[in-house]
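Enquirer: structure, please.
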Amino acid sequence: MLDIQTNYSLKQLNTFDFDVKAKYYVAPKTEDEILEIINNEELKALPQFILGGGSNVLFTGDFDGLIIHPQIKGIEKIDEDENHVWLLAGAGVVWDVFVAYCVKNNWGGVENLSLIPGNVGAVPVQNVGAYGVDAKMVIDEVYGLYLEDGEPFCLNNAECEFGYRDSVFKNDMKGKAIITEVSFKLNKKPVYVTHYGNVEEELTRNYSKVNIQNIRKAIITIRERKLPDPAKLPNAGSFFKNPVVTLGKAEELKSKYENMPLFPVNKKEAKLAAAWLIEQCGWKGKKVGNVGVHQNQALVLVNYGGAEASELKQLSADIQKSVKEKFGVDIEPEVNFV
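Expert: Numbers count the residues shown, from 1 in each chain. Predicted coordinates for the structure are as follows:
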């Protein structure tokens, strides 16, 4: 029997700590419970939003519909060969719990994604990434159900159409499916990625040996130093995506701003550092009312306490406008507005 809550507070379920409410809320623990929701005509008629760990969402007000908060748990080894192991994880598993489990067993591939908030089910949606690694590098298959008829689906890596913080789940399948489980292909002989950011520097300074356990420790140290803890200062991590522009545009900007970070994507495009662009516009460390931009990381917008969602929405719009005016570049939110 489904336990459907009414007028349910989402304050503890979004890392911005906004005290918004859902008209209806349900936290299914199994596929059968999800099918109950899908087959219920009254629930089906409501606006619906699938909530993961609440770390990549900005509720702009109360939600006049049904929040579905999948709680399917479990991590299971489903296959292995000489070089790889395949794990199946439930959508409701906390992502960093999954990472810690892999690292403990010396299965490589996700250690660079340590301490990223959220649940497993949201990982393929966002194609989360950090320190030179994207989730698409380790995701094998994504399983779920179509909301229209409850039919199951299984998409392989290519079918997920992964892009930079993007996937088919944010495009053609947006609002049409719910992810229940994800399978990952991990390396028994880990390949270390340490060249990004100051990971190598952190390892050299504090660890005598390079392995995935120490890479995880180093990245946790770096993230804790640079990023505020949402439990202490409400935030959703990186608020904006790094913009991708044509090489022509990138070269034009580089000629004006010699110290501008630039990362080639392919023969036609380059990626800019959104944090650098925002900082150059004077936003880093700036407080506006009850919200602001974190003093150590310009990509992080924070709620200093008592803020309304409208304040954060306005701040993000003002930042976008100033970057556009100064550099002629559009920066898009990584956070989902609901």
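
Enquirer: can you pull out the strands in the stretch 51-200 of the chain?
Expert: 57-58, 63-68, 75-80, 84-90, 129-130, 133-134, 139-146, 152-156, 177-187 (DSSP state E, counting those that start in this stretch).

Enquirer: wait, which of these is closest to Lys256?
Expert: strand 129-130 (28.4 Å; C-beta to C-beta). The C-beta positions use only the backbone N, C-alpha and C, and glycine is treated the same way.

Enquirer: and for Leu155, the neighbour number?
Expert: Other residues near Leu155 number 20, with proximity taken as other C-beta atoms under 10 Å.

Enquirer: and the gap between the closest residue to Val329 other than its chain neighbours and Asn156?
Expert: Excluding the flanking residues, the one nearest Val329 by C-beta to C-beta, 6 or more residues apart in numbering is Pro243, at 5.3 Å. Pro243 sits 29 Å away from Asn156, taking C-beta to C-beta, to the nearest Å as the criterion.

Enquirer: got it, and Arg165?
Expert: Relative to Asn156, and taking C-beta to C-beta, Arg165 is found at 20 Å.

Enquirer: between these two, which one's more packed in?
Expert: Applying other C-beta under 10 Å to Arg165 and Asn156 shows that Arg165 carries more neighbours, namely 20 against 11.

Enquirer: does that one touch Pro124 like I think?
Expert: No: if you go by C-beta atoms under 8 Å, Arg165 and Pro124 don't touch, sitting 11.5 Å apart.

Enquirer: shaky segments in this structure?
Expert: For the chain, the stretches with pLDDT under 70 are 1.

Enquirer: all helices of the stretch 1-150 of the chain, in order?
Expert: 31-38, 41-44, 95-104, 123-126 (DSSP state H, counting those that start in this stretch).

Enquirer: just say which of these is most tucked in.
Expert: Across those, averaging neighbours per residue (mean count of other C-beta atoms under 10 Å) puts helix 123-126 on top, at a mean of 25.

Enquirer: what packs against it?
Expert: strand 139-146, strand 177-187 (3 or more C-beta pairs under 8 Å, 6 or more residues apart in numbering; DSSP states H and E).

Enquirer: what would these look like in JSON lines with distance to Asn214?
Expert: As requested, the helices and strands packed on helix 123-126 are exported to JSON lines (distance: least, C-beta to C-beta, whole Å):
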{"stretch": "strand 139-146", "distance to Asn214": "24"}
{"stretch": "strand 177-187", "distance to Asn214": "16"}
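
Enquirer: to Gly248, which of these lies closest?
Expert: From those, taking C-beta to C-beta, the stretch that ends up closest is strand 139-146, at 33.2 Å.

Enquirer: in the closest one, which residues are buried?
Expert: By neighbour count on 16 or more other C-beta atoms under 10 Å, the buried set for strand 139-146 is 139-145.

Enquirer: now these as JSON lines including distance to Ile222?
Expert: What follows is the buried residues of strand 139-146, written out as JSON lines (distance: C-beta to C-beta, whole Å):
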{"residue": "Ile139", "distance to Ile222": "24"}
{"residue": "Asp140", "distance to Ile222": "28"}
{"residue": "Glu141", "distance to Ile222": "31"}
{"residue": "Val142", "distance to Ile222": "29"}
{"residue": "Tyr143", "distance to Ile222": "33"}
{"residue": "Gly144", "distance to Ile222": "33"}
{"residue": "Leu145", "distance to Ile222": "38"}
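
Enquirer: looking at those, spot the one nearest Lys217.
Expert: Taking the buried residues of strand 139-146 together and measuring to Lys217 by C-beta to C-beta, the closest member is Ile139, at 24.2 Å.

Enquirer: from what I see, the closest one and Val182 are in contact.
Expert: Yes: contact criterion C-beta under 8 Å: Ile139 and Val182 qualify, at 6.3 Å.

Enquirer: sweet, I'm off.
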